[in-house]
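Chemist: Pasting the sequence and the predicted coordinates here, then a few questions.
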Amino acid sequence: MKVIILYDRIAKEGTHPDQSDALVQAEAVGRALSDLGHESVEMAFSLDIKGFLKEIKEAYPQLVFNLVESVEGHGRLIHFPASILDLLTIPYTGAPADALYLTSSKILTKKILAGAAIPTPPYYSPGDLKARSIPLKGPYIIKSVWEHASVGLEESSVLSVKNSGQLLAEMEKRRDPLGGDCFAEQFIDGREFNLSCLASQEGPEMLPPAEMRFIDYPPEKWKVVGYRAKWDESSFESLHTQRSFEFPKSERPLLQNLMDIARRCWHLFGLRGYARVDFRVDESNQPWVLEINANPCLSPDAGFVAAASQAGLSYRQVVERILQDVPLGPGVKGRR
């Protein structure tokens, strides 16, 4: 089968690590596709829509492996490539366009979660705080609405504020570096978990839960898996944040609860192929969904691949399972 590996167009020099990681993913997926007997070609997506349409029509692929995480640095446009592929009736891997849009907006995600009675931390947008004075309780973390890969997220994003005016002022100050839109979420000072989901013939398989453990953090330091923890290997945050799949038997009810919630999220948002749900768990063992990652990172050292390895799956098997969950067009063999 002829496959286009589609990823973000990035500058070769001066890119941030989260952006250049797209090339690592594309190379790894290409090797797996070759091992599976498929022909693959890499292609970059940009805002040059006419150019892209011409290029992909000339390539005439049977399927696109969609690795686009942002369009020219804009996370809010992640659904663009999928929408265009839908228009062209070209099958593609991973979440459909509507699921990509809903999960790329953290505020839309939280509204849908709340409507389904799935716990997610309370939040305020700048508009909420401008409309009325709101009493605040506990620390808040300021996040980008659209950007992922922990862009703009660090320990300094957590604030203990005295009133809504102070929180609004901080949000306005940080808005531009956070992609133009931000919100303030009540900070859950607890444990952090990632639950990876992979399609199977029986529905989504919940891969072994991972906990991001904060090792030897000073008591006064907020525990945040921010940009430095993910992308700066020499930083304190990276060196002292460790992924673990080891849990005592007493934690089985909690882990099962996380898996059940992740499965509900998969069906609620209409996810496909693979996904990851990020949680915080408070001191009373209450899980809170932080965000839903459709099409999470597939770099060989990424958390999703680590969880698959814990389940006994090779990288090639992960790619094969993702391919098998694509609704393929006429004349192309595969599972619908």
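Modeler: Right, received. Where do you want to start? Numbering: from 1, shown residues only.

Chemist: Give the phi and psi angles for Arg272, as a check.
Modeler: Main-chain torsions, Arg272, degrees, to the nearest 10: phi -150, psi 140.

Chemist: give me every residue that touches it.
Modeler: Residues near Arg272 by CB atoms under 8 Å, 6 or more residues apart in numbering: Gly94, Ala95, Pro96, Ala99, Ala199, Asp325, Val326. In this view, the C-beta of every residue, glycine as well, is placed from N, C-alpha and C.

Chemist: Can you add distance to Asn295 and give those back as a markdown table?
Modeler: Below are the contacts of Arg272 laid out as a markdown table (distance: CB to CB, whole Å):
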| residue | distance to Asn295 |
| --- | --- |
| Gly94 | 4 |
| Ala95 | 6 |
| Pro96 | 11 |
| Ala99 | 9 |
| Ala199 | 12 |
| Asp325 | 12 |
| Val326 | 12 |
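
Chemist: number of nearby residues for Pro253?
Modeler: 10 (other CB atoms under 10 Å).

Chemist: What of Ala117?
Modeler: Neighbours of Ala117 using other CB under 10 Å come to 7.

Chemist: gap between it and Ile322?
Modeler: Between Ala117 and Ile322 the computed distance is 30 Å (CB to CB, to the nearest Å).

Chemist: coming back round to it: among the contacts of Arg272, which are in helices?
Modeler: Ala99 (DSSP state H).

Chemist: Which two among the contacts of Arg272 are spaced furthest apart?
Modeler: By the measure CB to CB, Ala99 and Val326 form the most distant pair in those, at 13.9 Å.

Chemist: which stretches of the stretch 201-336 of the chain aren't confidently modelled?
Modeler: Within the stretch 201-336 of the chain, the stretches with pLDDT under 70 are 329-336.

Chemist: Please, where are all the helices along the protein?
Modeler: Applying DSSP H to the chain gives helices spanning 17-35, 49-59, 80-88, 97-104, 106-115, 126-131, 164-174, 227-231, 236-239, 252-269, 303-310, 315-324.

Chemist: can you tell which of those helices is closest to Ser70?
Modeler: Per CB to CB, nearest to Ser70 of these: helix 17-35, 7.8 Å.

Chemist: So which bits of the closest one are buried?
Modeler: 18-26, 28-30, 32-33 (16 or more other CB atoms under 10 Å).

Chemist: repeat for stretch 258-271
Modeler: Quick answer for stretch 258-271 (16+ other CB under 10 Å): Leu258, Met259, Ile261, Ala262, Arg263, Arg264, Cys265, Trp266, Leu268, Phe269, Leu271.

Chemist: List of residues touching it?
Modeler: In contact with stretch 258-271 (CB under 8 Å, 6+ apart) are residues 95-96, 98-99, 102-103, 109, 112-113, 116, 118, 193, 195, 197, 204, 206, 209, 275, 277, 279, 281, 287, 289, 292, 294.
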